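Peer 1: what's the 3D shape of this:
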Amino acid sequence: MEPFVEQNKIVSPATIDRYFKSGGNREIYLTASEDSFTAIISGLSAKDVTLISLFCVENFEQHKGFTLLYAFEMRGAGNVVILLRHLKGQTATSIARIFPLAVWFEREIRDGFGVDFPDALDKRRLFLHEVYPDDFHPLLKSFKNQPIATQQNIATEKEYKFKEMSGEGVYQIPVGPVHAGIIEPGHFRFSVIGETIFNLEIRMFYKHRGIEKLAEGKTPEQCVPIAEAISGDETVANATAFCMAVEKISETAVPARAWKLRMILLEMERIYSHMGDMAGMVLDTAFPTGASKFFILREEILRQNKTLTGSRFMKGIIRVGGLDRDIPEHTLKEFSNYLEQFSPRCREAIDMVYKVSSVVDRLETTGIIRKELVKPLNITGPAARAAGVPIDTRLDHPYGLYASVTVRTATGSDVMSRFNVKATEIKDSIELCLNLISGIESGEVSAPIQIKDGYALSLVESARGQNLHWVYIRNGIIDRYKVCTASFCNWQAIEHAVQGNIVPDFPLINKSLNLSYAGTDL
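Peer 2: Numbering: from 1, shown residues only. As a prediction, this is how the structure comes out:
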């Protein structure tokens with residue numbers, strides 16, 4: 001995305017619409033007065049506009065106090081419009097009745113900053129569980145990172161209240177937060193009649209790490225490892241997104257060779273992530289023979305990552321301005337040769353799945369995510385494309401040297417459709433890597449950078465969907481770092497996908513999305 005324009009221009013309901021379609025691929029900051037805010041939000045809801053993030057900044061630029069930033073995109077338009085709402089106190093009206101996705105965002109802001117939404121649909125805590133003190137708001141500037149005293153004996157009235165479902169034959173099945181096997185914690189509360197699920201409520205943030213607070217006061221270079229740690233299997237996507245925001249603020253042009261190598265690594269991350277997802281789907285249909293082929297290929301890709309970067313998850317190579325080091329030509333050539341023989345083996349593994357009718361029967365019509373949910377919940381990535389919505393950040397908001405991307409879609413909206421989309425995207429990623437290697441030029445892999453003050457937003461297409469990073473630099477250090485991965489929004493899609501399915505199909509539905517707990521529990 002290009003640098004922002006029309007910074008802090010005050011807009012009205014009648015004028016905001018044109019900024020989405022003003023051309024280019026830009027982030028546009030507009031200020032809404034309290035008098036016009038409600039009318040602007042109502043007007044946006046009637047258009048093909050999606051809320052992609054909502055976050056708070058304390059003492060933003062010249063405003064003393066809290067500023068809420070509402071980020072919107074319009075399908076088919078390149079611009080992202082960020083609506084600034086400067087609060088006079090510590091309360092704000094909720095927009096969740098108009099943009100349902102805002103429920104989690106508003107709860108997150110309340111926990112982090114203490115900003116209250118009196119008319120909110122849901123006033124429960126989000127990432128601050130019961131053990132945290134009542135007046136604890138860790139994103140306030142007044143709070144300094146240090147150990148805190150947690151509450152040991154939680155009063156009954158302070159316990160988290162799950163939604164109550166009642167009726168003849170209704171009972172609840174609590175699953176987690178601790179699970180069997182190597183998996184991060186998350187709680188799933190099912191309401192069922194017999195084996196059929198008619199409601200699911202998800203609770204996350206059992207491993208909240210305070211990443212956004214940890215970034216405050218650090219230099220951009222010091223924050224790259226923090227971005228990498230957001231979610232291990234999105235190391236490259238998040239490190240690249242963070243660096244893109246800093247490079248935009250500092251007006252730094254990344255060398256072409258560095259961008260092509262970044263793109264190769266981004267696509268490698270997509271390949272091994274999809275491989276793991278497909279293996280999980282097949283394994284949960286009780287077909288371990290088919291799953292083993294994907295697991296083997298995924299392991300090989302991780303070993304290729306180690307050869308290319310020194311890390312199986314490609315940590316430590318992305319840096320502000322480009323890459324930390326070059327990848328030798330002979331290594332790229334050997335990698336290209338590997339991909340040539342990897343492709344037919346991948347096709348063979350996929351074809352084996354299609355030939356087993358019992359597997360196909362389990363995948364088809366299971367876990368349907370209805371197309372009409374994509375916009376209000378900001379569902380992105382393969383989950384949206386499998387529902388027939390052709391969105392991809394690489395195409396909608398091009399970055400780096402992404403010029404054209406074939407957006408693979410399906411119409412079934414079920415687990416089978418997500419399997420098909422991911423299978424096809426692996427093929428596309430292999431072809432893209434081969435083309436990048438064959439056309440890569442020699443040259444520098446990093447550019448000198450002079451860190452400047454300012455703020456910028458970046459969007460990347462991770463394997464799971466759209467990841468958003470917003471960076472605010474003041475006096476050369478990070479003043480505010482906001483991250484919203486695709487998992488944060490897509491988790492809410494699972495609550496809808498399981499309805500009408502039986503309990504044993506939940507693991508299969510969950511694996512088809514394979515969302516990140518860590519990428520949500522920042």
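Peer 1: where does the stretch 251-400 of the chain have low pLDDT?
Peer 2: Under the criterion of pLDDT under 70, none of the stretch 251-400 of the chain is flagged as low confidence.
Peer 1: how about Glu267, secondary structure?
Peer 2: helix (DSSP: H, G, I helix; E, B strand; the rest coil).
Peer 1: which ones are touching it?
Peer 2: For Glu267, the contacting residues are Ser429, Ile430, Leu432, Cys433, by C-beta atoms under 8 Å, 6 or more residues apart in numbering. C-beta coordinates here come from the backbone N, C-alpha and C atoms, glycine included.
Peer 1: distance check, it against Val460.
Peer 2: Look at Glu267 and Val460: by C-beta to C-beta, to the nearest Å, they are 12 Å apart.
Peer 1: likewise for Lys213?
Peer 2: Following C-beta to C-beta, the distance that separates Lys213 from Val460 is 23 Å.
Peer 1: next: Asp326.
Peer 2: In this view, Asp326 and Val460 are 22 Å apart by C-beta to C-beta.
Peer 1: low-confidence regions, this structure specifically.
Peer 2: Segments of the chain classed as low confidence (criterion: pLDDT under 70) are 1-10, 12-14.
Peer 1: the nearest residue to Ala384 once chain neighbours are set aside: what's it in contact with?
Peer 2: Leaving out its chain neighbours, the residue that sits closest to Ala384 by C-beta to C-beta, 6 or more residues apart in numbering is Val374, at 4.9 Å. Applying C-beta under 8 Å, 6+ apart, we find Val374 in contact with Ala384, Ala387, Val389, Ile391.
Peer 1: let's go with 6 Å and repeat that
Peer 2: Shown here is Val374, whose contacts under the criterion C-beta atoms under 6 Å, 6 or more residues apart in numbering are Ala384, Ala387, Val389.
Peer 1: next: Phe162.
Peer 2: Listed by C-beta under 6 Å, 6+ apart, the contact set of Phe162 reads Arg189, Glu201.
Peer 1: then it would be within a strand, right?
Peer 2: No: looking at Phe162 with three-state DSSP, it is coil, so not inside a strand.
Peer 1: quick check: it vs Arg97, distance?
Peer 2: The span separating Phe162 from Arg97 equals 22 Å under the rule C-beta to C-beta.
Peer 1: what's the farthest-apart pair in the contacts of Glu267?
Peer 2: Looking at those by C-beta to C-beta, the two members farthest from one another are Ile430 and Leu432, with 7.3 Å of separation.
Peer 1: which parts of this protein are strands?
Peer 2: Secondary structure of the chain by DSSP state E: the strands cover 2-10, 26-31, 49-58, 66-74, 80-86, 170-175, 187-193, 196-203, 318-319, 322-323, 454-461, 466-474, 477-484.
Peer 1: and Lys293, which of the ones you listed is closest to it?
Peer 2: Distances from Lys293 to each of these were compared by C-beta to C-beta, and the smallest falls on strand 454-461, at 26.3 Å.
Peer 1: quick one: list the elements packing against that closest one.
Peer 2: helix 235-249, helix 393-396, strand 466-474 (3 or more C-beta pairs under 6 Å, 6 or more residues apart in numbering; DSSP states H and E).
Peer 1: which other residues reach the longest one?
Peer 2: Residues from elsewhere that reach helix 235-249, judged by C-beta under 6 Å, 6+ apart: 220, 224, 227-228, 230, 262, 265-266, 269, 313-315, 318, 320, 452, 454, 456, 458, 460, 462, 467, 469, 471, 473.
Peer 1: what about Glu441, neighbour count?
Peer 2: The number of residues packed near Glu441 is 8, by other C-beta atoms under 10 Å.
Peer 1: go on, the one 10 residues further on?
Peer 2: The tally of other residues near Ile451 (other C-beta under 10 Å) stands at 16.
Peer 1: which residue sits farthest out from the middle of this structure?
Peer 2: Summary for the chain: using C-alpha atoms, centre = their mean, the residue whose C-alpha lies farthest from the chain's mean C-alpha position is Glu168, with a distance of 38.8 Å.
Peer 1: only the buried subset of the contacts of Val374, as a ChimeraX command please.
Peer 2: In ChimeraX syntax, the buried subset of the contacts of Val374 is picked out as below (16 or more other C-beta atoms under 10 Å):
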select :384,387,389
